[in-house]
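Asker: The following comprises the amino acid sequence and a computationally predicted model.
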Amino acid sequence: MKKLMCVVILILGFGLFFSNISLAESELILQSQLDKKVDELIKILKYGKEISVYEPNKIDAVIALGLLKDPRCVDILIEYLENSDNDHLCHQIIRSLGWIGDKRALPILIDILKDDNYVHARGMAALALGDIGGGQKVITALEEAYNSDTDMYVRDYAAESLNKITGKSYQNQTDEIMQEIKKDID
C-alpha cells in the first residue's frame, strides 16, 4: 500500500510540491481518497450487478480489491466466497485473495482445494496458496492435490505452489503426460 501511495504522490508531484500542502498532509489526503475508493468497490461488490458491460460489476470490484492488496477487504471477500453460487465470481475472489496475500484466507482456500467441484476454483486455490505461503497445513494440502487431484492442471498448479513455498522441485505432471502422448504418437 505504501508503494501505491508513493506512486500516486509522484504522479501528483509538481502540484503537491509547489503547493502549501506538506507531504504528511498529502499522504493523509491520498489515504482518504484510497479509503473512499475501497468503500466504493465494496459497495459494488455488495449491491452491483454480477454481469454488466455498461458499469463496473461485482467481478470488476473483486479484481480491483485484489490489485489494491488492501487487507481490510479479506473478510468481505471470504464472506462472498462462502456465500456465492457464481463460479466465475468465486474463481476471481480466490485469485484476489492470493494477490492480497493475507493468511486469514488460508483455511477457506485449503477447503476449496480439497473439496470444491469446480476445477478452476481448485486450481486457483492452489495458486493462491502458493502466493500466500504458510505452514505444514498448506504444504500437506498442496501435496495431496499434487498426488491425487483428478485434474492435471490442478496438480500442476499445486506443484508450482509447492516449488514456490518449499524450494523443492516438483515434477510438472502435464509435461510428463504430454511426453507420454508424444511417445505414443511417434
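Answerer: Alright, I've got the coordinates.
Asker: Going by C-alpha atoms from here, please, whenever you check contacts or count neighbours.
Answerer: Fine.
Asker: Pretty sure Arg122 sits against Lys114.
Answerer: Yes. Using C-alpha atoms under 8 Å, Arg122 is in contact with Lys114, at 7.4 Å.
Asker: Who has more neighbours out of these two?
Answerer: Per other C-alpha atoms under 10 Å, whichever of Arg122 and Lys114 has more neighbours is Arg122, with 29 against 18.
Asker: Show me where the chain has its helices.
Answerer: 2-17, 23-47, 58-68, 74-83, 87-100, 106-115, 119-132, 136-148, 152-166, 173-185 (DSSP state H).
Asker: could you give the angle of the fourth one to helix 106-115?
Answerer: What that stands for is helix 74-83. With axes from the mean of the first three to the mean of the last three C-alpha atoms, to 10 degrees defining the directions, helix 74-83 sits at 30 degrees from helix 106-115.
Asker: Buried residues in helix 74-83, which are they?
Answerer: 74, 77-78, 80-81 (16 or more other C-alpha atoms under 10 Å).
Asker: From the recorded domain assignment, give the ranges for the chain.
Answerer: Annotated domains of the chain cover 1-13+38-100, 103-186 [automatic domain parsing].
Asker: Okay, the nearest residue to Leu89 once chain neighbours are set aside and His91: tell me how far apart.
Answerer: In space, and not counting its chain neighbours, Leu89 is closest to Ile59: 5.8 Å by C-alpha to C-alpha, 6 or more residues apart in numbering. Separation of Ile59 from His91 (C-alpha to C-alpha, to the nearest Å) stands at 10 Å.
Asker: Contacts only, for the residue found closest to Glu143 once you drop the neighbours it is linked to in the chain.
Answerer: Nearest non-adjacent residue to Glu143, counting by C-alpha to C-alpha, 6+ apart: Ala158, 7.0 Å away. By C-alpha atoms under 8 Å, 6 or more residues apart in numbering, the residues touching Ala158 are 123, 126-127, 130, 142-143, 145-146.
Asker: will you turn those residues into a markdown table that also has pLDDT, distance to Ile108 and neighbour count?
Answerer: Listed next are these as a markdown table, based on pLDDT from 0 to 100; distance: C-alpha to C-alpha, whole Å; neighbours: other C-alpha atoms under 10 Å:
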| residue | pLDDT | distance to Ile108 | neighbour count |
| --- | --- | --- | --- |
| Gly123 | 98 | 14 | 27 |
| Ala126 | 98 | 12 | 33 |
| Leu127 | 98 | 14 | 28 |
| Gly130 | 97 | 14 | 25 |
| Leu142 | 97 | 14 | 29 |
| Glu143 | 96 | 17 | 18 |
| Ala145 | 97 | 15 | 24 |
| Tyr146 | 95 | 18 | 27 |
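Asker: how many neighbours does Leu30 have?
Answerer: 17.
Asker: Any figure for the gap between it and Leu113?
Answerer: From Leu30 to Leu113 the distance is 38 Å (C-alpha to C-alpha).
Asker: try Thr166
Answerer: 18 Å.
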